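Chemist: Provided below are the primary sequence and the corresponding predicted coordinates.
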Amino acid sequence: SFKEILVAGRKAGWGLLLIVIILGGIYSGMFTPTEAAAVAAVYAAFVAIFVYKDMTIRECPKVIIEAGKLSVVLMFIIANAMLFAHVLTTEQIPQSITAWVVEQGFSPIEFLIVVNIVLLIAGTFMEPSAIILILAPILFPIAMQLGIDPIHLGIIMVVNMEIGLITPPTGLNLFVTSAVTGMPLTRVVRAVSPWLLVMLGFLLLVTYVPFISLGLPNLLGM
């Protein structure tokens, strides 16, 4: 009922405030995204212990140890992804791909197809920050030559990397979900597959309907 919705919303208020703190703090310049993670952790601990009382102070050491184990798993994956990115950079593979794209004389539509394919493949093996550092400086000049809006290109890259985070074999969010829920990785991959298809459909929309990415910026005169 509507009353139940209001009650549930009131109970969820403390949790929903976390979103306001993170985004508000970042966009107001109070702290960086990395600092926002620390602030969020402290706030979440306060709410869990003193407001919702889902955990006690005595349980904190156990929670910290579990968080440490999860962090080790994630950092190991990220370290290997960065190492792979270093190998790609050393071997000049991204530069070779760019040179090939330029030689082919692709139209904007064809170029965006190639961009999606390259980013989807890269996302299965590399960590998002490594993809940005390696491929963004390469793709940006080509996109400018073809008249592709940089905001549009940026959003396409972000959606591709979001898909990469749930794509095996090194999709970071797959390992996070597996570690948090205790589910085998193969089961997580099967569960995520239908949503992966939805995200691929959304990627096509974002790529070939620029208004989705540029409507609001154009309205604001950006």
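Modeler: Alright, I've got the coordinates.
Chemist: May I have the secondary structure class of Phe31?
Modeler: coil (DSSP: H, G, I helix; E, B strand; the rest coil).
Chemist: what about it, neighbour count?
Modeler: 15 (other CB atoms under 10 Å). All C-beta atoms are positioned from the backbone trio N, CA, C, and that covers glycine.
Chemist: Excluding chain neighbours, what is closest to it?
Modeler: Gly25 (5.0 Å; CB to CB, 6 or more residues apart in numbering).
Chemist: Which of the helices or strands spans that neighbour?
Modeler: If you go by DSSP states H and E, Gly25 is part of helix 2-28.
Chemist: Show the average pLDDT along that helix.
Modeler: Regarding helix 2-28, the rounded mean pLDDT is 88.
Chemist: Tell me the helix or strand right after it.
Modeler: By DSSP H and E, the next helix or strand past helix 2-28 is helix 33-46.
Chemist: Return the list of helices and strands in contact with whichever helix or strand comes after that next one.
Modeler: As assigned by DSSP H and E, the chain's next helix or strand after helix 33-46 is helix 60-90. Helix 60-90 sits against helix 128-145, helix 172-181, with contacts defined as 3 or more CB pairs under 8 Å, 6 or more residues apart in numbering; DSSP states H and E.
Chemist: Downstream of helix 60-90, the next helix or strand is which one?
Modeler: Next in sequence after helix 60-90, counting helices and strands by DSSP H and E, comes helix 93-104.
Chemist: Helix or strand next in line after that following helix, which one?
Modeler: helix 108-125.
Chemist: Burial check on the residue nearest to Phe31, number of neighbours?
Modeler: 17.
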